[in-house]
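Engineer: coords below, sequence missing:
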């Protein structure tokens, strides 16, 4: 199991990316470290979820086994989109054609941060 913690000072949040583990190991880790669990809804090798515990909010992306291929790149982008919509909604930021650059900037920020750390570029 590997973990990445990405801090975004602009929106004051952390995204925790957990990868190289199956669903059972993920849930065991979450219960031990954060006292939370997630339901297995037949995730397709990855998912985004938000959890609240101890008066804190946690944003997670889980990728079961990242590979250097188009499937993994698309899966990570897909989960980041879920994450960003939730984060922006939590911060009261509407995404529309007037501020789509804000969304695009954050998508790029997180994609770069995740892949640089996973593939140690």
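Structural biologist: Perfect, thanks for sending it. Predicted model only: the values in this text are computed from it and were never measured.
Engineer: okay, CA-based contacts and neighbour counts for the rest of this
Structural biologist: Will do.
Engineer: Is the nearest residue to residue 8 once chain neighbours are set aside in a helix, a strand, or coil?
Structural biologist: Closest residue in space to residue 8, ignoring its immediate chain neighbours: residue 14 at 6.3 Å, by Cα to Cα, 6 or more residues apart in numbering. Here residue 14 is recorded as strand under DSSP: H, G, I helix; E, B strand; the rest coil.
Engineer: Spell out which residues sit in contact with residue 14, please.
Structural biologist: The neighbourhood of residue 14, defined by Cα atoms under 8 Å, 6 or more residues apart in numbering, consists of 5-8, 58-59.
Engineer: Check the chain for its longest helix and report it.
Structural biologist: helix 70-90 (DSSP state H).
Engineer: For that helix, give me every contacting residue.
Structural biologist: Under Cα under 8 Å, 6+ apart, the answer for helix 70-90 is 46-49, 59, 61, 63, 66, 94-95, 103, 106-107, 110-111.
Engineer: can you tell me the average pLDDT over the helix or strand following that helix?
Structural biologist: The helix or strand immediately downstream of helix 70-90 is helix 100-118, counting by DSSP states H and E. For helix 100-118, mean pLDDT is 94.
Engineer: Name the residues of stretch 6-19 that come out as buried.
Structural biologist: Residues of stretch 6-19 classed as buried under the neighbour-count rule (16 or more other Cα atoms under 10 Å) are 6, 14-19.
Engineer: Same question for stretch 59-73.
Structural biologist: Neighbour counts over stretch 59-73 (16+ other Cα under 10 Å) mark 59-64, 66, 72 as buried.
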